[in-house]
Structures are given as structure tokens and as C-alpha cells.
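Asks: Predicted model and sequence follow; I will ask about them next.
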Amino acid sequence: MTIMQNRFPLRALLLASAVAMAAAAPAAWAETPADTLVVAGQIDDIISMDPAQSFELSGQDVIKNLYDRLVDFDPTDLEAGFKPSLAESWEVSEDGKTVTLTLRDGVKFQSGNPVRAEDAAWSLQRAVKLNLSPAFILNQFGFTAENVDQQIGFDGNKLVLKLDQPYAQSYVLNSLASEVASVVDKETVLSHAEGEDLGNAWLSTNSAGSGPFNLGAWKPNEAVQLVGNADYWQGAPAMKRVIVRHVQESSAQRLLLEQGDVDVARNLTPTDIEALSTSDKLVIGNEPRGRILYMGLNQKDPILSNPAVVQAMRYLVDYKGIEDSFLKGQFKIHQNFLPEGYLGASDENPWTYDIEKAKKILADAGVTSGTIKTTVRDMAEYSNVMQTLQASMAQVGLTLEIQQVTGAQSLDAYRARQVPIYVGEWGPDYADPNTNASTFAYNPNNADDAKLSQLAWRNAWAVPDEMNKATVAATLEGNTDKRRQMYLDLQQQYREIAPIIPMFQRIERDGMQKNIHGWTAGGSVSSAMYRKVTKE
């Protein structure tokens, strides 16, 4: 990938970073510039800055700050739910199949071009036509490359979406708040198009939005610089620049934070967090994220396909012991597929670590022994959970043999339905409960050749027709209170029968300088938001 140089050359990024790394007297406490936020994080997953292509966690953090969407979330006020952004209002037709959004007057892209309904329509059409990783979020509403020009249009300052079914308004708007629905500057992007790529090559390393920041520079695996938009329609951000530096190791992030060379460190281990917690110059954040750590029990396995074994496995996880030891501060017990912060999220955690109960369940079913061979990704969180499970299973007569593999090997085998017991995380794709319900509790075709992406399919679980239908029905319920209850009911049923067992929800514990205010990593439903960050 080439190095991007936009309004501010890469040298400016490196010089700004150098300011933060300037040598100081041994006893002195370094400081970053007052108008610059410097973040240390692991950002080597970024592959593109195009909102129609970016679908990695670090990339989403950047896209969130470069572009506006028609509706949006404020991670600091999740109770408010989605709210107007570029669209100041919307209405739904009587049959529920046409959504009309009225765009706000007077908003301009950073190029100076006005933000029009035409730009919004083209942005959505473009994402569907490119059909890259995040396009499925829009395709859920019946949009295809063949029909999108007819199904998404504009009339003056109004954007018109024609859906294939009368979906719940909250479902549609939540999806429009996702990064793939970011509104891009049509004229600017098309002026850089190459052939039929709709500007994808150019937009992968440049920005063309109306957001609070523009892309100043990006050097893959090293750093990203965002430059504040002084004319932003919601007010100029306090930080004139945001520099996100790629720092792989937690110990290195910790050192930079202690020296004052960075304002925020995002990937700290519990050990480093504990060491930093005594500092009077630093604070430690505690922000629930949307990622669920779960255990998948492949129903192709002759032992795990026994419902009694599935039931017993729920009681062989030392939830509290794990939460208080090697996952301390990083995860909290959460035994539901919807993360805290989502419509319909449940706080019921009915399972406890109970060897005797698991043993009785197995004995009543005539299960006294068995051997299961599985793999686990070579990440400490996952392998440690698997090893504690191995010890618990041994106490009830089940032998678990574990082989550590790379992330790529683990994912390839999992997608091929070849992992008997899978321990890993699932992160929501967009801020609507269907994002998780449709993968944990929905599997329309359990055949091997279906090759679906749902976790239910990967674990070869033939979801009961009743649950499949309930998952679909929840996307069509227009009453938000009723829709919330549908997800609560769905999760209750899921907990009773599902072989994919949610265990923990991730907590992000960022270390930051004491003078930083307004920082958010995005909560459970969004991405990092830099616009409200200030320094004392």
C-alpha cells in the first residue's frame, strides 16, 4: 500500500510525533502539544480509508471522525439512541417500505461543496455497487447493484429509500448510523475515479467528507494523522490534530504514557494497568465495548451434539474465577448474545461454576467419559479460558486436548466448521440488535455447502425454525418497546438451548493523562470519537 500524502505531507505527521517524543531532562514529565491528541494503539489492521471498504476496528475509528452519516450515535449518551445528523428529520410511508430523510441545509464538505441529498444517495448506491465487506449492512434491505439506482434516490433535499419489506424504523436507522453509510463528496470522489472503481483507489488513502476531521496523513503500520475541520457544522474540535501511533506492545504503550509522550494508551494488559493505577498523573478508563467472548460447541462432534453435554458445559466455566484473574479488568461476565448498551440487552446471567451440577447432568444422560480434540488461537485470553475449561472438563470425566494455532489458521478452520470447541470474540457489525441475533440465533441453511457467515452455521447448529422466524420477525416490528421485548424473549429461549455460549463482554480500560477530558472509545455501539476531547 502506498503512503498517502494529502493536505499535510507525511513529514508533518512525523514532525508532530517528534514533538511528543522530544528529549527532556531525566526527571521532567514530557507533554504533548496542547492542541494535539496523541494516541498509542494497535492499528496495523487498517487496510483502507474508504468507508465503503473499511471494516476493521482501527479503520472504523478513523472513518467515524472523517465523515458524517445521516443519523448517528453519541457514545457518551447511549440512552438517547440514534439522533439526527446530516438528516434533520425522517418519515416512513404507511406501508412501511419507503423511508424519506430530509437533509440539513448549510452543511459543507471540507472541499467547500454543499452536502446534498444527491451525495447521500450516491454514497449509499456506491457502497452497494462496490459490494465490499461492509456492503451487507445495506444489502439487508433488498438493495443490489442491479436495483440500487431505482431503490435509492433523491428529490431536492430529500433522500428516498425504497425497501423490500416494512422493516422496523429503528433497524433501518441503526444501520444508517454505521460507517458504511457515511456520506462522501460525490464530485470530489468522481474527479479521482479510475475506470469503474467509483473512486475506491483514491478514497482508500484520502478523505472526502464533512466530518470534524480530515485525513492529514497515513503511513500503514506506523501512524495516522487527522487534522481538525475548523468549519465543522457542529463546531470545530478542540484538538487541531489527532495522531494515532501504532505501538504493538502494551509495555511500550505504558512507557510512552508514563513519559507523557502520548495522551492515551489503548491496548494495556491488566499488569500494566495495575502498575499505572497508582500514578497521580494518569487515569484509567472503564468502558464496556460490544465484543462478546463466547464458547462455540460444534454440533458435528458426537459428544458435543448431546444436549446434556451442552447443558453441562454451561456449568464448567469458572466465570467469576476467570473474571477476577487473567481477564481482570478486560472482561465482565455477560451470558447473553446482545452486549450491554443495545436495544433488548439482557442482564440475566443464570450460569455459575458448578462441577457437581455438571457431573449430575452428564450422569443422568449416561455420559461418563469422552475425548475432544480442538484448537485455540494463540492469544492469552482465549488460550487461558480454554485451559481452565480443560481442567473443569477433566473433573467430570471429559478429556480436552488443545492445540494452539495462529489466528489465520483458527479462523480458516472455524469457517470450515472444523473446530469442535471454539473460544473467541464476536464484535457487532452495526448498532442494531439484529447484528448479533442474526449470527448467534439464525441459520437458514445448515448444509455444509451453504458456507454461511453466521456463528450458528459455523458451529453446525440447526437453529429451530421457531427461532429463525422470531429473529426475522424482530427486524419487522415497528414498535420499539415490543421489539425490545422480542429480543429479551429470544435471548431467554437461546440461553436454554443454544450450543454457542456467551460468557463475557469486553471492557476497554484505556490509560490516559489526567488532563484529558471527553475521551470515548465508542462504548458498545460506536467507534472512537475525538471531537469532544479537550485538555485542561
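Replies: Yep, it's here.
Asks: how many other residues sit next to Gly285?
Replies: Counted by other C-beta atoms under 10 Å, the residues lying close to Gly285 total 17. Glycine gets a C-beta too; all of them are placed from N, C-alpha and C.
Asks: quick one: buried residues of stretch 90-107?
Replies: For stretch 90-107, a neighbour-count test (16 or more other C-beta atoms under 10 Å) marks Trp90, Val92, Gly96, Lys97, Val99, Thr100, Leu101, Thr102, Leu103, Arg104, Val107 as buried.
Asks: so what's the backbone phi/psi at the fifth one?
Replies: Going back to what we said before, that points to Val99. Val99 has phi and psi values of phi -110, psi 120 when expressed as degrees, to the nearest 10.
Asks: Contact partners for the closest residue to it other than its chain neighbours?
Replies: Counting by C-beta to C-beta, 6 or more residues apart in numbering, Val99 lies nearest to Leu161, which is 4.5 Å off, once chain neighbours are set aside. Neighbour list for Leu161: Thr98, Val99, Thr100, Leu101, Leu124, Phe141, Gln151, Ile152, Val172 [criterion: C-beta atoms under 8 Å, 6 or more residues apart in numbering].
Asks: Please state the backbone phi and psi of the residue of the chain positioned farthest from its centre?
Replies: Relative to the centre of the chain, the most outlying C-alpha is that of Gly366, 41.8 Å out, by C-alpha atoms, centre = their mean. Gly366 adopts backbone torsions of phi 80, psi 20, taken as degrees, to the nearest 10.
Asks: Against Pro499, how distant is it?
Replies: According to C-beta to C-beta, to the nearest Å, Gly366 and Pro499 sit 19 Å apart.
Asks: and after the top helix by length along the chain, which helix or strand comes next?
Replies: Counting by DSSP state H, the longest helix found in the chain is helix 480-497. With elements assigned by DSSP states H and E, the helix or strand that comes after helix 480-497 is strand 500-508.
Asks: That next one pairs with which strands, parallel or anti?
Replies: Using DSSP bridges, the strands paired with strand 500-508 in its sheet are strand 287-297 (antiparallel), strand 331-333 (antiparallel).
Asks: wait, doesn't Ile421 sit right on Glu401?
Replies: No - with contact defined as C-beta atoms under 8 Å, Ile421 does not count as touching Glu401 (10.4 Å).
Asks: who's in contact with Trp338?
Replies: Careful, residue 338 is Leu and not Trp. When the contact criterion is C-beta under 8 Å, 6+ apart, the partners of Leu338 are Gly344, Ala345, Ser346, Pro433, Asn436, Ala437, Tyr487, Gln491.
Asks: That one: what's its closest spatial neighbour, skipping adjacent residues?
Replies: Leaving aside its chain neighbours, Leu338 sits nearest to Ala345 (4.5 Å; criterion: C-beta to C-beta, 6+ apart).
Asks: Give me the number of neighbouring residues for Val283.
Replies: The tally of other residues near Val283 (other C-beta under 10 Å) stands at 18.
Asks: ok, Glu536 to Gly344 distance?
Replies: Distance, Glu536 to Gly344, using C-beta to C-beta: 39 Å.
Asks: check contacts around Lys240.
Replies: Going by C-beta under 8 Å, 6+ apart, Lys240 touches Asp35, Thr36, Val227, Gly228.
Asks: I'd assumed Tyr319 was in contact with Leu389.
Replies: No - Leu389 is beyond contact range of Tyr319, at 11.3 Å (criterion: C-beta under 8 Å).
Asks: what bits of this structure have low per-residue confidence?
Replies: Scanning the chain for pLDDT under 70 picks out 1-30, 75-80.
Asks: how about a cut-off of 80?
Replies: Flagging of the chain using pLDDT under 80 yields the residue ranges 1-30, 74-81.
Asks: before we move on, the earlier item: if we only consider the contacts of Leu338, which is nearest to Val264?
Replies: Among these, Ala345 lies closest to Val264 (C-beta to C-beta), at 26.9 Å.
Asks: I figured Ser250 was touching Leu268, is that so?
Replies: Yes - if you go by C-beta under 8 Å, Ser250 and Leu268 touch, sitting 5.1 Å apart.
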